[in-house]
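Novice: Fold the stuff below for me.
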Amino acid sequence: MLRIPAATAVLSLALAAAPPAQAAEGLWSIYDSALKGAKYIDLTHAFAPTQPVWPGFGNAEFKPATAGNDLPDYAKKGDEFTYAKHGFVASAYALPTDQYGTQLDPPAHWDEYGATISDLPPTFAVRPLVVIDIHEKVAKDPSYAMTVEDVTAWEAKHGTVPEGSVVMVRTDWSKKWGDVEHFNDKPFPGVSLDALKFLHLERRILFHGHEPLDTDATPTLEGEAWLMHNHFTQAEGVANLDQVPEAGALIAIGYAKPLGGTGGYARYIAIAPADWPHGVTIAEAPGAPLPKQTAPLRRGPDGVMRPTPQ
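Specialist: Numbering: from 1, shown residues only. A predicted model of the protein is given here:
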């Protein structure tokens, strides 16, 4: 399996030596030779009106968007936009917090001097992905927190954790996402403070991610406190890590960019080698055009638009 750091080094040398036009073509060749046939796996929960959330926050509200002003011969202030009358619909989301669903936490979440979500550089976009699997230990002990030894055990099989990578911790806790009432109950699995310090200070990773909505179950959330006050980010509420290889994949990182935001609604996509058994290729899901719905979209009682047979 291709080692990402070596591939990155070769690509960087090639692009540095090439004139601008060839450099652009070189990046396109990476897409054609590797990314086009790769397998793509979504690591993100869709956020919804009812879902797990920290009990200090409420749930979101989904509702129709309405006209904010009078629009002559088209809509009056307060009118709901509809397909039949206006040719389109739009939704309004009352979001109780930016700590909702699959997230990217910036330091400003805890630190008044910390970077906000809109301060994060565009270099967050694509990174090597490491998946450290502790789900069997968690099955025996739901309070298990990943240790430095779990990291070094991964390294014994796959080599040193790449600098600048994203390390996701597989616990399979995300399989409980549908149990809204009990998802946040303790005990739940975490990541030890020692492991976080090792990954950031020794291996110099970009950030780590976990499936629960908290880094750990300590009374002071010591891991999250250390991360935020030392100006590191983290991912929370990640899904589908059981479908991703432990090594050799990339991760695409996307998030909303509210100015001065203290949290980010995030989308994480794993990009796995073409021979990986999970995920879809671009040929299988090209994205343009997108599939037609099986029935007309109608807004349900919870405000969500879904295909609804007449």
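Novice: List the buried residues of the helix or strand His208 falls within.
Specialist: Taking DSSP states H and E as the definition, one finds His208 inside strand 207-210. By 16 or more other C-beta atoms under 10 Å, the buried positions in strand 207-210 come out as Phe207, His208, Gly209, His210. Bear in mind the C-beta positions are built from the backbone N, C-alpha and C, glycine included.
Novice: list the contacts for the second one?
Specialist: Yep, that's His208 we're talking about. By C-beta atoms under 8 Å, 6 or more residues apart in numbering, the contact set of His208 is Val166, Val167, Met168, Val169, Val191, Leu196, Leu199, Gln234, Ala235.
Novice: 10 Å instead, please
Specialist: 130, 132, 146, 165-169, 191, 195-196, 199-200, 215, 223, 227, 232-235, 238 (C-beta atoms under 10 Å, 6 or more residues apart in numbering).
Novice: Could you report the distance from the closest residue to it other than its chain neighbours to Ile205?
Specialist: Closest residue in space to His208, ignoring its immediate chain neighbours: Val167 at 4.5 Å, by C-beta to C-beta, 6 or more residues apart in numbering. Using C-beta to C-beta, to the nearest Å, we find Val167 at a distance of 5 Å from Ile205.
Novice: Adjacent strands (with direction) for the strand holding His208?
Specialist: Paired strands of strand 207-210, with direction, are strand 166-170 (parallel), strand 233-236 (parallel) (DSSP bridges).
Novice: which one of the ones you listed is the most hemmed in?
Specialist: Here the criterion is mean neighbour count by mean count of other C-beta atoms under 10 Å, and of the strands paired with strand 207-210 the winner is strand 166-170, at a mean of 27.
Novice: what are the pairing partners of the helix or strand that that one is followed by, and which direction each?
Specialist: Counting by DSSP H and E, the next helix or strand C-terminal to strand 166-170 is strand 190-191. Applying DSSP bridges, strand 190-191 is found paired with strand 145-146 (parallel).
Novice: quick check: angle from the helix or strand just after the strand it pairs with to strand 166-170?
Specialist: Sequence-wise, the next helix or strand downstream of strand 145-146 (DSSP H and E) is helix 148-158. Relative orientation of helix 148-158 versus strand 166-170 (axes from the mean of the first three to the mean of the last three C-alpha atoms, to 10 degrees): 110 degrees.
Novice: which helices and strands sit right next to helix 148-158?
Specialist: Here helix 148-158 touches strand 126-133, strand 166-170, helix 193-197, going by 3 or more C-beta pairs under 10 Å, 6 or more residues apart in numbering; DSSP states H and E.
Novice: Please name the nearest non-neighbouring residue to Asp179.
Specialist: Of all residues beyond its chain neighbours, the one nearest Asp179 is Pro52 (8.0 Å), with distances taken as C-beta to C-beta, 6+ apart.
Novice: Where does the one you found fall, secondary structure wise?
Specialist: If you go by DSSP H and E, Pro52 is not part of any helix or strand.
Novice: can you tell me which residues contact the residue nearest to the spatial centre of the chain?
Specialist: Residue closest to the average C-alpha location in the chain (C-alpha atoms, centre = their mean): Tyr268, at 3.2 Å. With contacts defined as C-beta under 10 Å, 6+ apart, Tyr268 is in contact with 41-44, 102, 104, 129, 166, 168, 209, 235, 237-241, 251-255.
Novice: at 6 Å what do you get?
Specialist: Taking C-beta atoms under 6 Å, 6 or more residues apart in numbering as the contact definition, Tyr268 lies against Leu43, Thr44, Ile251.
Novice: one step back: return every residue with contacts to both of Val167 and Ile205.
Specialist: Leu199.
Novice: Check the offset of stretch 303-310 from the chain's centre.
Specialist: Relative to the centre of its chain, stretch 303-310 is centred 26 Å away, using C-alpha atoms, centre = their mean, to the nearest Å.
Novice: Any chance you could list what contacts it?
Specialist: Stretch 303-310 is contacted by residues Phe62, Lys63, Gln293, Thr294, Ala295, Leu297, Arg298, Arg299, Gly300 when judged by C-beta under 6 Å, 6+ apart.
Novice: Just the residues contacting stretch 74-94, thanks.
Specialist: With contacts defined as C-beta under 6 Å, 6+ apart, stretch 74-94 is touched by Glu61, Phe62, Lys63, Pro64, Ala65, Thr66, Ala67, Asn69, Asp70.
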